[in-house]
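>>> Sequence first, predicted model second:
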Amino acid sequence: MQNNNYRIERLSSENIHLLSLLYRDVFKKKVSVTFFQRKYSTKAFGPEFIGYLAIADKNFPAAFYGVIPCIIQIESKEILTAQSADTMTHAHHRNQGLFKQLALKTYALAKENNIKFIFGFPNENSLPGFKKLGWEFLPENLKLFTMPASRIPYSKFFFKSRALSWIYTHIVKLLLEQDGVRQTIFSSSDSSGVKHDIRFMEYKTYSYSFYTRLGQADLWLKIDSAMKIGFVHFLKNRRGDELLEKLRVVASLLGCSSVSFITHEHSILYNALSDIIKPVDSLPIGFYNLCEEKFQYDRLGFEYCDIDIF
């Protein structure tokens with residue numbers, strides 16, 4: 001559905017400030033232009049700024065759809081793909097067909113840039129729209145494990161202020177960050193999924209996170225009042241109870257309300273935790289093919305660190 005009431009522009013470094021304004025209006029939360037600049041500057045993987053803005057009169061941002069290119073490894077084969085990321089429409093411009101229009105233009109642009117397929121994890125509000133676009137979904141969702149931590153979750157107060165959150169996260173980094181972990185955390189990861197290499201890890205610095213070792217596990221984690229574990233590499237043993245106990249102590253000392261993990265049901269992490277914490281369904285796993293080649297999507301596994309919100 002073509003809508004002539006809007007100007008459609010490809011995302012670029014010149015107009016990306018409109019994305020920050022739209023995000024503020026839709027989600028009532030301020031996110032810097034620099035954050036979006038770094039998120040959509042994916043030159044390390046090839047193409048960048050793969051997305052479109054719909055702009056109304058007086059240069060008002062009405063809607064956006066964007067994907068972020070990355071490399072997925074299926075067994076020994078590396079494939080250029082992209083994750084469906086931010087989708088948003090201003091409340092005054094809904095029911096105009098903008099989501100579908102921008103999505104299809106974005107997919108066409110991705111195809112022109114040799115991206116083979118799009119994958120994503122739409123929330124319950126977005127899921128119907130993706131199904132109408134013809135996305136294919138795996139039968140099983142990602143799995144969420146959550147453990148309560150501090151009884152006095154004071155860390156949330158630091159995240160009410162950008163300055164205080166900066167101070168808090170840098171203190172945590174000084175206390176926990178271990179440089180050697182960053183170099184080895186994915187050393188034994190050979191499963192099919194997003195390729196976890198230095199290029200990917202450097203790109204993911206658009207969102208503040210860090211690496212640490214607790215007992216017999218290396219962790220990639222972030223804190224935004226709660227503690228979120230992006231990836232776990234078990235060293236000598238795979239004892240989930242030992243890991244959870246150490247995390248509970250650290251998270252409580254840091255004033256985090258909870259500790260959460262997202263993983264797929266065939267992962268080492270899932271097997272380590274599922275007998276201790278009952279998982280619940282998290283985000284669905286969907287795909288949109290852009291080429292004639294067929295892929296075995298059910299062989300792919302995803303972790304928290306692979307999702308653009310981490």
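Yes, it's here.
>>> Quick check on the closest residue to Ser165 other than its chain neighbours: phi, psi?
Counting by Cβ to Cβ, 6 or more residues apart in numbering, Ser165 lies nearest to Phe159, which is 4.7 Å off, once chain neighbours are set aside. Where you see a C-beta, it was placed from the backbone N, CA and C, and this is true even at glycine. Torsion angles at Phe159 (phi, psi; degrees, to the nearest 10) stand at phi -90, psi 10.
>>> surely Phe159 meets Asp224?
Yes. In terms of Cβ atoms under 8 Å, Phe159 counts as a neighbour of Asp224; the distance is 5.9 Å.
>>> what is in contact with these two at once?
Common contacts of Phe159 and Asp224, defined by Cβ atoms under 8 Å, 6 or more residues apart in numbering, comprise Ser165.
>>> What residues are bridge-paired with His233?
Beta-bridge pairing for His233 (DSSP bridges): Asp218.
>>> got the CA positions of stretch 129-139 in CSV?
Extracted C-alpha coordinates of stretch 129-139, given in CSV (Å, rounded to 0.1, in the frame of the first residue of the first chain):
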residue,chain,number,x,y,z
GLY,A,129,2.0,-7.5,11.6
PHE,A,130,4.9,-9.8,10.9
LYS,A,131,2.6,-12.7,10.3
LYS,A,132,0.7,-10.7,7.7
LEU,A,133,4.0,-10.0,5.9
GLY,A,134,4.5,-13.7,5.5
TRP,A,135,7.1,-14.4,8.1
GLU,A,136,7.9,-18.0,9.1
PHE,A,137,8.1,-18.8,12.8
LEU,A,138,9.7,-21.7,14.7
PRO,A,139,7.3,-23.7,16.9
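>>> So for that stretch, mean pLDDT?
Mean per-residue pLDDT for stretch 129-139: 96.
>>> quick one on the thing from earlier: next, the contact list for the residue nearest to Ser165, please.
165, 168, 224-225.
>>> For stretch 251-265, could you pull out the residues that count as buried?
251-252, 254-264 (16 or more other Cβ atoms under 10 Å).
>>> Could you do stretch 284-297 as well?
Of the residues in stretch 284-297, 284-290, 295, 297 count as buried by neighbour count, 16+ other Cβ under 10 Å.
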